[in-house]
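Participant: What would the 3D arrangement of this be:
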Amino acid sequence: MSIEFAKKLNAFETPIPGVVLYDLSVHGDNRGWFKENWQREKMVALGLPDFRPVQNNVSFNEKAGTTRGIHAEPWDKFISVATGRIFGAWVDLREGPSFGAIFTAELDPSQAIFIPRGVGNAFQTLEDNTAYTYLVNDHWSADAQGQYTFLNLADETAGIQWPIPLGQAELSDKDKAHPRLHDVTPMPPKKILVLGANGQLGKAFRDLYDGDTSVEFVSRAEIDLTAEDSLATVNWKNYSTVINAAAFTAVDNAETPEGRAAAWSVNVTAVARLARIAVEHDLTLVQVSSDYVFDGTEKTHGEDEPPTPLGVYGQTKAAGDAVVSVVPKHYIVRTSWVIGDGSNFVRTMSSLAARGINPSVVDDQFGRLSFTTDIAAGIRHLLESGAAYGTYNLTNDGPEQSWADIAADVYELSGASRESVTGVSTDVYFEGKSASPRPRNSSLALDKIKASGFAPDMSRARLAAYLKDGV
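Facilitator: Next up is the predicted model:
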């Protein structure tokens, strides 16, 4: 066997999305040769996903012509040759436009190839005593085996030109019996799991992903984040992303002993469990945060401002953010003044306007509304665009307003008089009431989310549409 020594580590794209061929650096002398078969830092720098291998397998093949495959497993592989040479064949068996795409290549110990989940893998040995080795990022299980996708080695559509004709090769009976391409059910992608699917934001995600079978929705009744045994019932290997739309949001109730315990349980302890699961299963975790992590002394809050929460609710959201921030793949999406399908300020004002009631509304707290339609769309954009992980502010756009300004807008858009709304200070409004302290300034800077390519709708236009649709 002849190996070209001292190659530079290089990566080469192939016709199959995500399948990357590598030239490995091999160094030899009179004693033999040495190579770094898998070197995480260098290969990630070349664009290989940090796929976190957990198992190394070796297939030893005594005779040239031994042919195995075509198997697509529900995990990623990093394939190389220890001794000998192979002819490798790969077929995309994933759902999507590249289904059926093919790539073939000869590999010796100076090369390796990365094969993503759902891409069918096969090889034929070209020399006796060939050892074929591969790293995988999941352990074999009976459940995983049930998710395999197979393709016949002799499929006419693929038309793989095997160097040694299959009639002269060593094949297993199982490999001979695999289906042709037209009978193959493509492997679906891993799913997105939306938690808290019956809340205001959860309902917006249901509308946004209506009919999309790659997204799954669960309510607290189905998965209780505060119960360890409930989380243990989920097969997390089936998911790529978890969107946590569940939260304890009763701001004033959080100041009571019972509410404080509930807020910490849902907003911190449960989030810590999710974060641990995300790390263990290499999931992307999306956590929805709040302007209440700030004390409101700054006029506008950027993503890098340190948290300074005033009340228990804000403290629990800040603690949850800190936990999620250590997850390698995370988005913390910070919102304010959320409006969606549920009880909220706009619906209350609309109802008062319809009944001819003249309310007193706080006029010294400033911010922007965040409609759940836009929050959900913004999160989808982050996930689908491959935006850098981290924290993003996400509200609707436009000038900052007080609650009284917004109430006046609701009255005007509802056909009532703006003058029906009277402004009142926070101190006067909450005098004698048991209430959590509020940040006086809740405006969140939107530069980062806009730089990612997402432009939130203007708040006034979204408010008009929300009221027109009927609240």
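
Participant: So which residues of this protein form helices?
Facilitator: Using DSSP state H, the helices found in the chain span residues 40-45, 142-145, 173-176, 200-208, 228-231, 257-264, 270-281, 312-324, 345-354, 372-385, 403-413, 426-429, 447-451, 459-468.

Participant: could you redo the ones you listed as a markdown table and give each row mean pLDDT?
Facilitator: A markdown table is the format used below for these (pLDDT from 0 to 100):
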| stretch | mean pLDDT |
| --- | --- |
| helix 40-45 | 90 |
| helix 142-145 | 74 |
| helix 173-176 | 94 |
| helix 200-208 | 95 |
| helix 228-231 | 80 |
| helix 257-264 | 95 |
| helix 270-281 | 94 |
| helix 312-324 | 97 |
| helix 345-354 | 95 |
| helix 372-385 | 97 |
| helix 403-413 | 96 |
| helix 426-429 | 92 |
| helix 447-451 | 97 |
| helix 459-468 | 94 |
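
Participant: Need those helices in a markdown table (columns: distance to G100).
Facilitator: C-betas here are computed from N, CA, C, even on glycine. Putting those into a markdown table (distance: least, Cβ to Cβ, whole Å) gives the following:
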| stretch | distance to G100 |
| --- | --- |
| helix 40-45 | 28 |
| helix 142-145 | 23 |
| helix 173-176 | 19 |
| helix 200-208 | 30 |
| helix 228-231 | 38 |
| helix 257-264 | 51 |
| helix 270-281 | 29 |
| helix 312-324 | 39 |
| helix 345-354 | 50 |
| helix 372-385 | 24 |
| helix 403-413 | 53 |
| helix 426-429 | 63 |
| helix 447-451 | 37 |
| helix 459-468 | 43 |
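
Participant: Compare those helices and give me the one nearest N129.
Facilitator: Relative to N129, the nearest member of the helices of the chain by Cβ to Cβ is helix 173-176, separated by 21.0 Å.

Participant: quick one on the thing from earlier: I'd like the helices of the chain as CSV, with distance to A245 and mean neighbour count appended.
Facilitator: What follows is the helices of the chain, written out as CSV (distance: least, Cβ to Cβ, whole Å; neighbours: other Cβ atoms under 10 Å):
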stretch, distance to A245, mean neighbour count
helix 40-45, 31, 13
helix 142-145, 27, 10
helix 173-176, 44, 12
helix 200-208, 4, 20
helix 228-231, 16, 12
helix 257-264, 16, 16
helix 270-281, 12, 19
helix 312-324, 13, 23
helix 345-354, 19, 18
helix 372-385, 9, 20
helix 403-413, 23, 22
helix 426-429, 29, 13
helix 447-451, 18, 16
helix 459-468, 19, 17
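
Participant: how close does R94 get to T149?
Facilitator: Noted for R94: a distance of 8 Å to T149, by Cβ to Cβ, to the nearest Å.

Participant: shared neighbours of these two, anything?
Facilitator: The contact sets of R94 and T149 overlap at 72, 118, 186-187 (Cβ atoms under 8 Å, 6 or more residues apart in numbering).

Participant: out of the residues you listed, who's nearest A105?
Facilitator: Top of the list for closeness to A105, among those and by Cβ to Cβ, is A72 at 17.7 Å.

Participant: Quick check: bridge partners of T66?
Facilitator: The residues listed as beta-bridge partners of T66 by DSSP bridges are E170.

Participant: From the structure, what's the count of residues near it?
Facilitator: Summarising burial for T66: neighbours were counted as other Cβ atoms under 10 Å, giving 22.

Participant: My guess is it contacts E170. True?
Facilitator: Yes: under the criterion of Cβ atoms under 8 Å, T66 makes contact with E170 at 4.4 Å.

Participant: rewinding a little: wait, which of the helices of the chain is closest to R85?
Facilitator: Of all these, helix 173-176 sits nearest to R85, with 20.2 Å by Cβ to Cβ.

Participant: Which positions within stretch 101-111 qualify as buried?
Facilitator: Neighbour counts over stretch 101-111 (16 or more other Cβ atoms under 10 Å) mark 101-104, 107-111 as buried.

Participant: Pull the distance from stretch 262-272 to the chain's centre.
Facilitator: What separates the centre of stretch 262-272 from the centre of its chain is 21 Å, taken as Cα atoms, centre = their mean, to the nearest Å.

Participant: Can you give me the first-to-last residue distance of that stretch?
Facilitator: The distance separating the two terminal residues of stretch 262-272, taken as Cα to Cα, to the nearest Å, comes to 15 Å.

Participant: Since that was my last question, I'll sign off now.
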